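**Student:** Please find the sequence and the predicted model below.
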Amino acid sequence: MTQETIQSTLEEIRVFEPPKSKALFSSLHDWKLASDAFQKDFEGTWGNLAQQHLTWQKLFTQVLDERNPPFYRWFADGNINLSENCLDRHVNNGLGEQVAIIWEGEPGDVRRITYNELLAEVCLAANGLKSLGIKKGDRVIIYMPMIPEAAIAMLACARIGATHSVVFAAFSAQALHDRIEDTGAKAVITADGGWRRGAIHDLKSCVDVALTQGCNSVEHVLIVKRGHHDTNWQEDRDVDWVDLLKAQADVCEPTIIEAEHPLFILYTSGSTGKPKGIVHSTAGYLLWAHLTMQYSFDFKPESDVFWCTADVGWITGHSYSVYGPLCNGGTTLMYEGVPTYPDAGRIWKICQDHGVTVFYTAPTAIRALIKAGDDYPNAYDLSKLRVLGTVGEPINPEAWMWYHTVIGKERCPIVDTWWQTETGGHMLAPMPFSIPTKPGSATLPLPGIFAGIVDAEGEDVKDGGGLLVLKKPWPSMLRGVWGDEQRFIETYWEKFAHKGYYFAGDGARKDEDGYFWIMGRVDDVLNVSGHRLGTMEVESALVSHHAVAEAAVVGRSDDIKGESVFAFVVLKEPESEGLEAILRAHVSKEIGPIAKPDTIRFADNLPKTRSGKIMRRLLRDIAAGRDINSDISTLEDQSVIAQLQG
Ligand code: WT7
């Protein structure tokens, strides 16, 4: 990190003041007060929040146990049941008739499930799991479409203390197999299908394939019949969800659960090797999912309709489609299908039809919607929206501005949330009615989070870029990598062990206001002629050209410069004569000659995982002209590869 950082001329200078509103936190002063409380009394403040916001079976006496870092423990001698916090306590507080889940199927069918109904349903499912011999500590794989039963299954596991591991429905049978083996799951909960782009995506047959070899731990497969088509039923193994639940009582005492009990395992890709099973605890995780709903979204459970578009197969779906909104006693919206089906107006139609007030999605989705044109959002009434969130990757200022003007009508604050599967919940984000925003910056750490930017030695960097770290533990931090203690230590803690910092794997810089600007994974940071260059910066420059819809930039090793810039570009219109030179000049103008791509390759699409992440390792292989040795099983559109290869 000794090289000089390129100071981009793209540096944003626009600042948007937070709108005035009767919010939970409504001024910079409010943010500061909340943050200062942790400076003054770190443990006391966390302890108070945990006591105030959660319902405990047995109150903890110690907040943080840091005797054995990095194996931190939070509220460890307390007992708490997550499902009781998300369900029973609201029912007991008279909120039983409040809608917990609004669900819309892709064909347009709608279910509105109240807290009373959800509690009963979760109890039936919890009793069903118990009747199959599933106990506290067992692992259960959930491989489901976005239907209410996915959330019900998660909550039912939590109610009896079974550790769930949700596998994204678009993952292949092989990926599912690997996760079943790694967790040693006793049961798999799935569906005979879910609607995707007008057709049934059959999940059960994937489970059948996944279980053909190995996976001996699996005793039962539970099937929700959503697809209603013939499947290869295996009497000794397969259980019909409805039949199972029909036979149960709708009351199920919440099991006593220790605060540190593993609530779930969620797999995420590392920069190398096979996916890691990130382990999250019960109490600490839930506390932060709950609080960040209020901090980042100003969530008002009595009046908001919250829609996080993420699938429950991702951490965003765990924390912000299910646990965060429900722990607050609010209304969460789930949508089954493809966001652009039957057309690019579907998302906006759903927002209109259900009166969505807080909307949370990914920049990649925003960019796709920009490409579809403004007529789609303009055809719908989006006046109920009041807060707009984004997550998952740096948002380029152009997309931010579009979101702000076309969707938010310059009225809704844009909340750019930086966090990771590992952090459980938001780390950096502008509290929407407190913090002025700048397009492309996740702004400041939330109260309780101590983020910093350091050099390779762990010393704070004053100017320019560095490595993003979290300097103090936080309740929703990952508790480990399932079955691989060593990898947990090596990946996150070893680098700055002398400081006790958590290494996030992202590069970032701070501006003069102390705002954080994420520069992307450090594995994606290029070094061109001794200058550090964010791939994201170059992409942002390319996308700021009117001809470009999307761009992905990777490094290619270069004998003279160390690395050169290789860009893959998706155009909004057919390629015109000389465009390559024009774009290179454009990047040169936006950032500096050093960032000018040596190669630009045009394609109809970028290779993305089904979750929308650009597969950079694949692009690096293509750029280098090497054989592709990435796992492309999660690639949405396989045909794009040949085109990218030129
Ligand atoms: C990585 C974590 C946690 C939600 C979904 C992704 C990148 C995430 C932002 C943001 C810039 C972001 C980082 C991070 N990232 N949010 N607002 N701005 N980059 O979870 O799959 O665990 O990925 O996503 O590189 O390390 P994930």
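**Tutor:** Okay, I see it. Numbering: from 1, shown residues only.
**Student:** so residue 495 sits in a strand?
**Tutor:** No. Secondary structure assignment (DSSP: H, G, I helix; E, B strand; the rest coil) places residue 495 in coil, not in a strand.
**Student:** and it, how many neighbours?
**Tutor:** Residue 495 has 18 neighbours, counted by other C-beta atoms under 10 Å. The C-beta positions use only the backbone N, C-alpha and C, and glycine is treated the same way.
**Student:** Let me see the contact set for it.
**Tutor:** Contacts for residue 495 (C-beta atoms under 8 Å, 6 or more residues apart in numbering) come out as 458, 501, 503.
**Student:** Give me the subset of those residues lying in strands.
**Tutor:** Of the positions in the contacts of residue 495, residue 503 sit in strands, assigned by DSSP state E.
**Student:** For the stretch 451-600 of the chain, what lies in contact range of the ligand?
**Tutor:** Applying C-beta under 6 Å from any ligand atom, we find that the stretch 451-600 of the chain lies next to the ligand at 504-506, 518, 521.
**Student:** Kindly supply the ChimeraX command isolating those of these that are buried.
**Tutor:** Buried members of those, defined by 16 or more other C-beta atoms under 10 Å, are picked up in ChimeraX with:
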select :504,505,506,518,521
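**Student:** Cross the residues of the stretch 451-600 of the chain next to the ligand against strands and list the overlap.
**Tutor:** Using DSSP E, these in strands are 504-506, 518, 521.
**Student:** now the strands: where do they sit in the stretch 401-550 of the chain?
**Tutor:** 414-417, 451-454, 465-470, 480-481, 502-510, 516-521, 525-528, 531-534, 548-558 (DSSP state E, counting those that start in this stretch).
**Student:** swap in the stretch 51-200 of the chain?
**Tutor:** Under the criterion DSSP E, counting those that start in this stretch, the stretch 51-200 of the chain carries strands at the ranges 64-65, 73-74, 99-104, 110-114, 139-143, 163-166, 187-191, 194-196, 199-201.
**Student:** ok, the residue nearest to residue 213 when sequence neighbours are not counted - contacts?
**Tutor:** Leaving out its chain neighbours, the residue that sits closest to residue 213 by C-beta to C-beta, 6 or more residues apart in numbering is residue 177, at 7.5 Å. Residues near residue 177 by C-beta under 8 Å, 6+ apart: 209-211, 213-215.
**Student:** Against which helices or strands is whatever helix or strand residue 582 lives in packed?
**Tutor:** In the assignment (DSSP states H and E), residue 582 maps to helix 579-590. For helix 579-590, the packing partners by 3 or more C-beta pairs under 8 Å, 6 or more residues apart in numbering; DSSP states H and E come out as helix 535-543, strand 562-571, strand 599-603.
**Student:** circling back to that earlier point, ok, and the most crowded of the contacts of residue 177?
**Tutor:** Going by other C-beta under 10 Å, residue 210 tops the contacts of residue 177 with 28 neighbours.
**Student:** Run through the residues that contact the residue in the stretch 351-500 of the chain positioned nearest to the ligand.
**Tutor:** Nearest residue of the stretch 351-500 of the chain to the ligand (C-beta to the nearest ligand atom) works out as residue 421 at 3.4 Å. If you count contacts by C-beta under 8 Å, 6+ apart, residue 421 has them with 266, 268, 278, 314-315, 478.
**Student:** And stretch 434-441, end to end?
**Tutor:** Criterion C-alpha to C-alpha, to the nearest Å; first-to-last residue distance in stretch 434-441 is 15 Å.
**Student:** ah, wrong one, I meant stretch 105-114
**Tutor:** Counting by C-alpha to C-alpha, the terminal residues of stretch 105-114 are separated by 17 Å.
**Student:** Tell me which residues are up against that stretch.
**Tutor:** Here stretch 105-114 makes contact (C-beta under 8 Å, 6+ apart) with 96-104, 121, 147-148, 194-198, 335-338, 341.
**Student:** any low-confidence regions in the stretch 251-400 of the chain?
**Tutor:** 269-274 (pLDDT under 70).
**Student:** Then the chain?
**Tutor:** Residue ranges of the chain with pLDDT under 70: 1-11, 269-274, 523-525, 527, 529-534, 559-562.
**Student:** Spell out which residues of it are next to the ligand.
**Tutor:** Neighbours of the ligand within the chain, by C-beta under 6 Å from any ligand atom: 268, 315-316, 391-394, 416-421, 442, 504-506, 518, 521.
**Student:** quick one: residue 129 and residue 233, what's the gap?
**Tutor:** Residue 129 sits 20 Å away from residue 233, going by C-beta to C-beta, to the nearest Å.
**Student:** neighbour-wise, which of those two wins?
**Tutor:** Each of residue 129 and residue 233 has its neighbours counted (other C-beta under 10 Å); residue 129 has more, 27 against 13.
**Student:** Does that one touch residue 142 like I think?
**Tutor:** No. Using C-beta atoms under 8 Å, residue 129 is not in contact with residue 142; the gap is 11.4 Å.
**Student:** Going through the contacts of residue 421, which ones are buried?
**Tutor:** Burial by neighbour count, 16+ other C-beta under 10 Å: within the contacts of residue 421 this picks out 266, 278, 314-315, 478.
**Student:** Looking at the ones in strands among the residues of the stretch 451-600 of the chain next to the ligand, which is nearest the ligand?
**Tutor:** residue 518 (3.6 Å).
**Student:** Run through the residues that contact the closest one.
**Tutor:** Contacts for residue 518 (C-beta under 8 Å, 6+ apart) come out as 394, 418, 428, 442, 468, 506-508, 536.
**Student:** How about it: which residues does it bridge to?
**Tutor:** Assessed by DSSP bridges, residue 518 has beta-bridge partners residue 508.
**Student:** now residue 428
**Tutor:** Beta-bridge partners of residue 428, as defined by DSSP bridges: residue 418, residue 445.
**Student:** What is the burial count for residue 625?
**Tutor:** Residue 625: 9 neighbours (other C-beta under 10 Å).
**Student:** measure it to residue 644 for me?
**Tutor:** 12 Å.
**Student:** what's the answer for residue 175, then?
**Tutor:** Residue 175 sits 23 Å away from residue 644, going by C-beta to C-beta.
**Student:** Work out which residue lies at the spatial centre of this protein.
**Tutor:** Centroid-nearest residue in the chain, with C-alpha atoms, centre = their mean: residue 316, separated by 3.1 Å.
**Student:** Now that residue: closest residue in space that isn't a chain neighbour?
**Tutor:** residue 310 (3.6 Å).
**Student:** quick one on the thing from earlier: of all the contacts of residue 421, which two lie farthest apart?
**Tutor:** Comparing every pair within the contacts of residue 421 by C-beta to C-beta identifies 314 and 478 as the most remote, at 14.8 Å.
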